[in-house]
Each structure stands twice: as C-alpha cells, then as structure tokens.
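Engineer: Provided below are the primary sequence and the corresponding predicted coordinates.
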Amino acid sequence: MNISLNLDTKPGHTDHHAVVTGADRGLGLAMTQGLLARGWRVFAGSYLPDWPQLGDLREQYPDLLVILPLDVSSDASVLAAAAAVEERTRSIDLLINNAGVISERSEDSIRISQDYEEMTRLYQVNALGPIRVSEAFLPLLERSELRRLCYVSSEAGSIGKAERTAWFGYCMSKAALNRGVRMLFDRLRPDGYTFRLYHPGWLRTYMSGTRNEEAELEPEESAAPALEYFLGSTLPWDDQPHAVDEDRLVMRDYQGREWPW
C-alpha cells in the first residue's frame, strides 16, 4: 500500500504538521528549517534552551514553528511534549526521531576501562528515546492520513557492514534502535503507518559536545535528501524515480544506498 499526498505546501499554509526531536542544531535544525520553508507547521523538540538558532527560526516563522522542551530520555518530558502538541492540533503527519548522542570519551579498545553508566545514557537517548517518543505521539499520528514515522540511525548500527571495533555504547544503541524500528514496522505497518530509516552520513555536528570539523558533510547536505525521502513516496536518488516499497523496511543513507542489518 503506497500513500501519495501533496506534501510540498506553500509558506503560510499549515495543512501538515511535523514533530522533530533534537532540533536545536545540526541535522535536526536543518530538517526543521527545510520543513518550515515548505510551509509545514513544525513542533521542534529542544534540549538546549540556550542554543540560539531555533529562536532565530521562530522569528522568521512565528506562525509555523512551535518550540517544545523535550528530553527524549525522560518519560515525563516526552509525555509533556505530546500533551503540548495535542493542545494545538488534533493530528500530526510526520514524526522525525532525530535526537541522538555519542560519548565524548573515546573508547579506543576493550583493553581500557569502559564507562557503563555512559553507555546506559546513550541507550536511553539513542535506542529507548525514539520508542518512548513514538509511543507518546502515536495517538496524534493515528488521526493522520500519512502516519509517517522516520528514524535517524547510523551505519554504526549495521551488524552486517559496520567494521567498528570500539564505541560500544553508540554502536550497540543504534543496532538496538534498528531492531526496535523493525518491531514497530511489523506491528504498525498493517495499520497504514509508513516508515523511513535513515543513515545521514558523517556530519559536522555537535553530537559529542564539540563540532566535528573532520566529518564529510554539513548537516544541510544530508537534510535535503533526508526530507525528500521522508516526505515522498518515490526514491529521490534514482534517474527514473520509482515508488518506495512501503511494505519493506530498509535503512538507506544520504546517497540512497541500502545498508544491511
């Protein structure tokens, strides 16, 4: 079953509503900006209230952008955010689970002492956070025609292809996320939900606390194909785009390549 909607609305129209987690900076901010430019009303989850960019965006899009305090590792915070959205709209069309963290500490080898408390923090955000958010916003998605759930994962979660030998907490949390999304897909796809699982590439972001200048891509370079994929019903990378097979869950990267589980 494929769903085709006109999702490229004009600025000022609020026919479509999206929630984006981790929207303060990096990929989340870039996707938020891209949705706003398309005329979407965006509920942007903010974990860093002192970070200025979302506030600047709200001045540019005062009728379209709603900033929500949101810590995806907290049950109370997620439930409060969902309640705040429900006060403003009866439904959302798109949920982008983008919030993610990586440890500031380099786990170069199993031969050094591991920080298991830090690993637990990564699981709370990267693996359990998207499930927690999906559960809380499901009633609002239920009232939408699109019912699209999007998850930002990583090549680090690919057991079949990633060749990392360290960063246990990050890699394992992303593999757990992928498994959780598969479970959601198996349960919700028969009810008309559609899914996107995305590896954004190596981005110049602040996931570890400071901006990674050694990475390959600016967040905006990954956000553009991400939104084309998240919003569309065809694969945007093909010379002759063909319909997404909504009954098959895959993880694709910013170039459209499929990654094995």
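Structural biologist: Arrived safely.

Engineer: just so I have it, where are all the strands in the stretch 1-150 of the chain?
Structural biologist: 17-20, 41-46, 65-69, 94-97, 148-152 (DSSP state E, counting those that start in this stretch).

Engineer: most packed of the ones you listed?
Structural biologist: Mean neighbour count, computed with mean count of other C-beta atoms under 10 Å, is highest for strand 94-97 among those, reaching a mean of 28. From N, CA and C alone the C-beta is placed, and that goes for glycine too.

Engineer: Mind listing the strands that one pairs with, and their directions?
Structural biologist: Note on strand 94-97: by DSSP bridges, its sheet partners are strand 17-20 (parallel), strand 148-152 (parallel).

Engineer: mind saving the C-alpha coords of it as PDB?
Structural biologist: Extracted C-alpha coordinates of strand 94-97, given in PDB (Å, rounded to 0.1, in the frame of the first residue of the first chain):
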ATOM      1  CA  LEU A  94       5.200  13.200  10.300                       C
ATOM      2  CA  LEU A  95       7.400  12.200  13.300                       C
ATOM      3  CA  ILE A  96      11.100  12.600  12.800                       C
ATOM      4  CA  ASN A  97      13.100  10.800  15.600                       C
END
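
Engineer: roughly how far out does it sit from the chain middle?
Structural biologist: Remark: strand 94-97 is offset 6 Å from the chain centroid, using C-alpha atoms, centre = their mean, to the nearest Å.

Engineer: hmm, who's touching it?
Structural biologist: 16-21, 28, 31, 35, 40, 72, 129-130, 133-134, 137, 141, 146, 148-152, 230-231 (C-beta atoms under 8 Å, 6 or more residues apart in numbering).

Engineer: any idea of the mean pLDDT in that strand?
Structural biologist: For strand 94-97, mean pLDDT is 98.

Engineer: One more: stretch 114-128?
Structural biologist: So the average pLDDT for stretch 114-128 ends up being 95.

Engineer: Same list (the strands paired with strand 94-97) but as a markdown table, adding distance to residue 83.
Structural biologist: Output for those, formatted as a markdown table (distance: least, C-beta to C-beta, whole Å):
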| stretch | distance to residue 83 |
| --- | --- |
| strand 17-20 | 13 |
| strand 148-152 | 20 |
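
Engineer: So which of the ones you listed is nearest residue 160?
Structural biologist: Across the strands paired with strand 94-97, residue 160 has its closest neighbour in strand 148-152 (18.0 Å, C-beta to C-beta).

Engineer: for the helix or strand that that closest one is followed by, the distance to its chain's centre please.
Structural biologist: Sequence-wise, the next helix or strand downstream of strand 148-152 (DSSP states H and E) is helix 168-188. Chain-centre distance of helix 168-188: 13 Å, with C-alpha atoms, centre = their mean.

Engineer: Would you mind listing the buried residues in stretch 177-186?
Structural biologist: Within stretch 177-186, the residues scored as buried using 16 or more other C-beta atoms under 10 Å are 177, 178, 180, 181, 184, 185.

Engineer: Then stretch 134-152?
Structural biologist: For stretch 134-152, by 16+ other C-beta under 10 Å, it's 134, 136-138, 140-141, 144, 146-152.

Engineer: Do me a favour and get the end-to-end distance for it?
Structural biologist: Terminal residues of stretch 134-152 lie 13 Å apart, using C-alpha to C-alpha, to the nearest Å.

Engineer: contact partners of it?
Structural biologist: With C-beta under 8 Å, 6+ apart, stretch 134-152 has contacts from 3, 5, 7, 16, 19, 27, 78-79, 81-82, 85-86, 89-98, 100, 130, 177, 181, 184, 188, 191-198, 200, 226, 230.

Engineer: out of the buried residues of stretch 177-186, who's nearest residue 248?
Structural biologist: Nearest to residue 248 out of the buried residues of stretch 177-186 is residue 185 (C-beta to C-beta; 9.3 Å).

Engineer: how about CSV for the strands of the stretch 1-150 of the chain, with distance to residue 125 added?
Structural biologist: Shown next, in CSV, are the strands of the stretch 1-150 of the chain (distance: least, C-beta to C-beta, whole Å):
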stretch, distance to residue 125
strand 17-20, 15
strand 41-46, 12
strand 65-69, 15
strand 94-97, 11
strand 148-152, 12
